[in-house]
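S.K.: Sequence and predicted structure are below.
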Amino acid sequence: MSFTQKHLDAVESAIARGEKTVRYADRTVEYRTVDELLKARDQIRSSLVAATGPRSRVIRLYHAGKGL
């Protein structure tokens, strides 16, 4: 299943409220434990990161000379 940021927001909102039920659009999922909910959040995050591709690298150049 492909996840979206809205799925992640719904799961994180349920975690913040201390609930084990997540509602998104016309679907409702009830998790047995909070640990299950946390695992679902981690899986959604991993899926979103994998879908966005590799992160770009930032290269910072420093000049430690006397300057001008």
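M.R.: Perfect, thanks for sending it. Residues are numbered from 1 along each chain as shown.
S.K.: wait, isn't residue 24 in contact with residue 7?
M.R.: Yes: using C-beta atoms under 8 Å, residue 24 is in contact with residue 7, at 6.1 Å. In this view, the C-beta of every residue, glycine as well, is placed from N, C-alpha and C.
S.K.: what mean pLDDT would you report for the longest helix that the chain contains?
M.R.: Longest helix in the chain, counting residues (DSSP state H): helix 34-52. Helix 34-52 carries an average pLDDT of 90.
S.K.: Use 28 as the first number for this chain going forward.
M.R.: Will do, 28 is the new start, and the previous item becomes helix 61-79.
S.K.: Now it - C-alpha only, PDB.
M.R.: The C-alpha trace of helix 61-79 is given here as PDB (Å, rounded to 0.1, in the frame of the first residue of the first chain):
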ATOM      1  CA  VAL A  61       0.200   1.400  21.400                       C
ATOM      2  CA  ASP A  62       3.300  -0.600  20.300                       C
ATOM      3  CA  GLU A  63       1.500  -1.700  17.200                       C
ATOM      4  CA  LEU A  64       0.500   1.900  16.500                       C
ATOM      5  CA  LEU A  65       4.100   3.000  16.900                       C
ATOM      6  CA  LYS A  66       5.300   0.200  14.500                       C
ATOM      7  CA  ALA A  67       2.700   1.300  12.000                       C
ATOM      8  CA  ARG A  68       4.000   4.900  12.200                       C
ATOM      9  CA  ASP A  69       7.600   3.800  11.700                       C
ATOM     10  CA  GLN A  70       6.500   1.700   8.600                       C
ATOM     11  CA  ILE A  71       4.700   4.700   7.100                       C
ATOM     12  CA  ARG A  72       7.700   6.900   7.700                       C
ATOM     13  CA  SER A  73      10.000   4.400   6.100                       C
ATOM     14  CA  SER A  74       7.700   4.100   3.100                       C
ATOM     15  CA  LEU A  75       7.500   7.800   2.600                       C
ATOM     16  CA  VAL A  76      11.300   8.200   2.900                       C
ATOM     17  CA  ALA A  77      11.800   5.400   0.300                       C
ATOM     18  CA  ALA A  78       9.300   7.000  -2.000                       C
ATOM     19  CA  THR A  79      11.000  10.400  -2.000                       C
END
